[in-house]
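**Student:** fold the following and give me the result.
(one chain, ligands or ions: 1)
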Amino acid sequence: MLGLVCGRFPRSTLVRRGGPWMRRGLRTSIIAAKSTDKGADYLARPFVKIVEVGPRDGLQNEKKLIPTATKAELIRRLANTGLSVVEATSFVSPQAVPQMSDAKELMKMIKRQPNVSYPVLTPNIRGLMSAKTAGAKEIAIFTAASDAFVQKNIGRTIDRSIEVFKDMARIARENGLRVRGYVSCIAGCPYAGKVDPDMVTSVAEDLFRMGCYEISLGDTIGVGRPHEILAVIQAVSRVVPLENLAIHCHDTYGQALANIYASLEAGIRTVDSSVAGLGGCPFAKGATGNVATEDVVYMLEGNGFRTGVDLEKLVDVGEWISRELGRPSESRAARALMAKRNA
Ligand SMILES: CC(C)(COP(=O)([O-])OP(=O)([O-])OC[C@H]1O[C@@H](n2cnc3c(N)ncnc32)[C@H](O)[C@@H]1OP(=O)([O-])[O-])[C@@H](O)C(=O)NCCC(=O)NCCSC(=O)C[C@@](C)(O)CC(=O)[O-]
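**Tutor:** Presented below is the predicted three-dimensional model:
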C-alpha cells in the first residue's frame, strides 16, 4: 500500500504550480502517519538513503580545531545509528581548510563497520592518492554551477575543474575507488547570484559521464525554494537518472525540509544531511548549516519512507557532538525530543 502511494512519480506529473504531485504528496502523509509499526509494512516502504555529511561538511567550518579523537568518535557513533554512509573528512589543502588537516590520522582511527561507507572529499590528484593510501574506498569530487564559486572554492573555472576531475575519475577507477560528484550552487551563488538550471544540468551531466555513480545537487547557500529546486531536478533528470541523483540542502532560509520533500515527490531517494545541523561552507559567506539529519529522519519515517536510522540514537549523537562543540543543536526535532525526554 505504502509502496504504491509513495513510489516514484512519472516526470509528467511534476508540474510547478501545485499540480498532482502536491495532491498525491498530501495523501502520502495521511496514509503514512497511520503506519508506525516496524514489521513487514515498514520493510515494504520506499528506502531513502541518507548521506551523513556532518564529520566533513559539518565540521569543516569550525574555527577551533577539534581533536581528531572526537571526530573519530563522532563517526563511530553515527555509524552505530544505522546510517549507511558517513562522509568522513577531506583531503584538501590545509591552508584552505585547516580543520580537515588531520584527514590521514583520522582515517587511521576510524573503526569501519562492514555495511557503512566512509567517502572523503578530494580536490586534486594529490588528495586522491593520499585518500587511497589512507584506506579510503570512495572519494567525492566537487565543483559548482557557478564559475565564481568554483574559483573561490578550488581556484579553477568550471571547465578546468571538469578537466581535472575527469583525470581523477579515471585514476580512481583504475585504483578501485568509487566516485561521487557534487554540484554546488544549484539555486544561487554567493558571488554571482541566480544560477540557471541549464548550467546545473550541464555540470551534472559532465560528472555523470566521467563516471560518478551519484551526483549530489547542493543548494550551498540555502536560497532555493521548492519550485526552484523542482525546476533544477526536472532539468537535470533529463540527462542523469533520478536514481543517480541526491539532494544536499542547507537550511539558511528555512527551506531545507520543504525542498527535500519536493525532491522526494520528484523521485529523488538520496538525501545529504548533517547531524545537529552542523555546517556551513567556508567559501560561502553567511551560509548556515546543512539540514539536520534528525529533522530529515523524523520527517521521512513519519511520511511512509524507511531510512534504517534509529532516531533516538541519532538524537543522542547530536546532543553529544553539540556538547563537545559547546553549542545547542540546530535540529528542531532533536530539541523537541530532548524536551519530551526531560519532561
Ligand atoms: C584545490 C586546492 C588544493 C587549490 O589550492 P592552491 O593553493 O591553488 O593549490 P596549490 O597546488 O598551489 O597548493 C597550495 C598548498 O596546499 C597543498 N595542497 C594542495 N593540495 C593538497 C591536498 N590535496 N592535500 C594536502 N595539501 C595539499 C600544497 O602542497 C600547497 O602547500 P605548500 O606547498 O604551500 O605548503 C585548494 O583550493 C583546496 O584544497 N580547496 C578545497 C576547499 C574545500 O575543501 N572546499 C569544500 C567546501 S564545501 C563545498 O565545496 C560544498 C559541498 C561539497 O559541501 C556541497 C555544497 O554544500 O554545495
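
**Student:** from here on, contacts and neighbour counts on C-alpha atoms
**Tutor:** Will do.

**Student:** gap between residue 324 and residue 189?
**Tutor:** 32 Å (C-alpha to C-alpha, to the nearest Å).

**Student:** contacts only, for residue 135.
**Tutor:** Counting by C-alpha atoms under 8 Å, 6 or more residues apart in numbering, residue 135 makes contact with residue 107.

**Student:** may I have the phi/psi pair for it?
**Tutor:** When quoted as degrees, to the nearest 10, the phi and psi of residue 135 stand at phi 100, psi 10.

**Student:** so residue 324 and residue 189 - more neighbours on which side?
**Tutor:** residue 189 (24 against 11; other C-alpha atoms under 10 Å).

**Student:** mind listing the residues bridging to the more buried one?
**Tutor:** residue 193 (DSSP bridges).

**Student:** got the confidence number for it?
**Tutor:** We have a pLDDT of 97 for residue 189.

**Student:** pretty sure it contacts residue 146?
**Tutor:** Yes: at 6.5 Å, residue 189 and residue 146 qualify as touching, with contact defined as C-alpha atoms under 8 Å.

**Student:** count the residues that sit near the residue nearest to residue 101 when sequence neighbours are not counted.
**Tutor:** Leaving aside its sequence neighbours, residue 101 sits nearest to residue 94 (C-alpha to C-alpha, 6 or more residues apart in numbering; 5.0 Å). Neighbours of residue 94 under the rule other C-alpha under 10 Å: 13.

**Student:** is residue 94 in a helix, a strand, or coil?
**Tutor:** Secondary structure assignment for residue 94 (DSSP: H, G, I helix; E, B strand; the rest coil): coil.

**Student:** isn't it up against residue 100?
**Tutor:** Yes: Residue 94 is within contact range of residue 100, at 6.8 Å (criterion: C-alpha under 8 Å).

**Student:** tell me, what's touching residue 189 and residue 146 both at once?
**Tutor:** With C-alpha under 8 Å, 6+ apart, residue 189 and residue 146 have common neighbours residue 195.

**Student:** in which helix or strand does the residue nearest to the spatial centre of the chain reside?
**Tutor:** For the chain, the residue nearest the mean C-alpha position is residue 272 (2.0 Å; C-alpha atoms, centre = their mean). Element membership of residue 272, judged by DSSP states H and E, is strand 270-273.
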